[in-house]
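the sequence and its predicted three-dimensional model are supplied below.
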Amino acid sequence: MTKYLLDTNHLSAYLGRHSTLETRIDSAMRAGDRFGLSLPVLFEYRAGIRLGQYYQRNLSRLRASLTLFRVWPMDVETSGEFADLFRECREQGRVMSQFDMTIAAVARQQNLVLLSADQDFKGVVRLKWENWL
């Protein structure tokens, strides 16, 4: 069983009914893989849809998805993983948003595969990263 963390772009595509992604995730779930979100992903997604024309529809789809996707927890240990990642980025001269660093910290801490189309995650040490879009 593989455990996945959807980044905001993958969540948005899934909720937008991106057929290839929807089929792949649904098939993986039937095979026993687990999928989830983190709070920063929920923050980004809700902020992104809040001013949109289809806010209520997108919010309804998000709420329905929370019966399928787990919300991977964050705790005190996550802050330590974030601090390590922050130091690594500084040493490498890498620039990442704090949301992205938090998402990566959750994935690293819980040994999750991060599904993201965001190239900023490429090459982050100890981060399993895939792009299904």
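Right, received. Where do you want to start?

CA only for contacts and neighbour counts going forward, please
Will do.

just the strands in this structure please.
Shown for the chain, the strands assigned by DSSP state E span residues 3-6, 34-37, 70-71, 113-115, 128-130.

who does the last one pair up with?
Pointing back at strand 128-130 there. strand 113-115 (parallel) (DSSP bridges).

roughly how far is the strand it pairs with from the heart of the chain?
7 Å (C-alpha atoms, centre = their mean, to the nearest Å).

and for stretch 75-88, what's in contact with it?
Contacting residues not belonging to stretch 75-88 are listed as 101-102, 104-106, 108-109 [C-alpha atoms under 8 Å, 6 or more residues apart in numbering].

at 7 Å what do you get?
Stretch 75-88 has contacts (C-alpha atoms under 7 Å, 6 or more residues apart in numbering) with 101-102, 105-106, 109.

tell me how far the closest residue to residue 41 other than its chain neighbours lies from residue 84.
Nearest non-adjacent residue to residue 41, counting by C-alpha to C-alpha, 6 or more residues apart in numbering: residue 8, 5.2 Å away. For residue 8, the distance to residue 84 equals 23 Å [C-alpha to C-alpha, to the nearest Å].

of the two, who's got more company?
residue 8 (25 against 14; other C-alpha atoms under 10 Å).

contact partners for that one?
41, 44-45.

ok, 8 Å please
41-42, 44-45, 116.

for residue 4, state which of those is nearest.
residue 116 (10.4 Å; C-alpha to C-alpha).

touching, the closest one and residue 7? I think so.
Yes. Between residue 116 and residue 7 there is a contact at 5.1 Å, judged by C-alpha atoms under 8 Å.

neighbour-wise, which of those two wins?
Between residue 116 and residue 7, counting by other C-alpha under 10 Å, residue 7 is the more crowded of the two (25 against 21).

I'd say that one and residue 37 touch.
Yes. Contact status for residue 7 versus residue 37: in contact at 7.2 Å, counting by C-alpha under 8 Å.
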